[in-house]
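Q: Sequence and predicted structure below; questions after.
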Amino acid sequence: MPLVDVTLTEGRSPEQVRALISAVHDAVVTTAGARPEHVRVIVREVPRTHYASGDVTVAELFSKEQP
């Protein structure tokens, strides 16, 4: 029973998240040969202030990119 856990920063529309779930689900079914009803997809959205790389949060990174 495959389980795919995706973590994203907040800001995508419900339609975008739904499309992501479908694409991930289909990819697992196609590549892993899993039965569709056995595939689990979890999408976690976190605030940009709680997601960092190299000690820089996504919020800080985006604020630096703004003119």
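A: Perfect, I can see it now.
Q: K64 and V56, how far apart?
A: 8 Å (Cβ to Cβ, to the nearest Å). Every residue, glycine included, has its C-beta placed from N, CA and C.
Q: oh sorry, the question was meant for S63
A: Distance from S63 to V56, by Cβ to Cβ: 10 Å.
Q: go on, V39?
A: Separation of V39 from V56 (Cβ to Cβ): 34 Å.
Q: Which one of the two is surrounded by more residues?
A: Under the criterion of other Cβ atoms under 10 Å, the comparison of V39 against V56 puts V39 first, with 19 against 10.
Q: Where does pLDDT dip in this protein?
A: Where the chain drops to pLDDT under 70, the residues are 66-67.
Q: Next, the contact list for V24, please.
A: 4, 6, 41 (Cβ atoms under 8 Å, 6 or more residues apart in numbering).
Q: Restricted to helices, list those.
A: Among the contacts of V24, none falls in helices (DSSP state H).
Q: Generate a PyMOL selection restricted to the buried entries among those.
A: A single PyMOL command selects the buried members of the contacts of V24 (16 or more other Cβ atoms under 10 Å):
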select buried, resi 41
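Q: Buried residues in the helix ranked longest in the chain, which are they?
A: Counting residues, the longest helix found in the chain (DSSP H) is helix 14-32. Across helix 14-32, burial judged by 16+ other Cβ under 10 Å covers 21, 24-25, 28-29.
Q: distance between that helix and the chain's centre?
A: 10 Å (Cα atoms, centre = their mean, to the nearest Å).
Q: can you start the count at 560 instead of 1 from here on
A: That works, and once the first residue is 560, the last one we named lands at helix 573-591.
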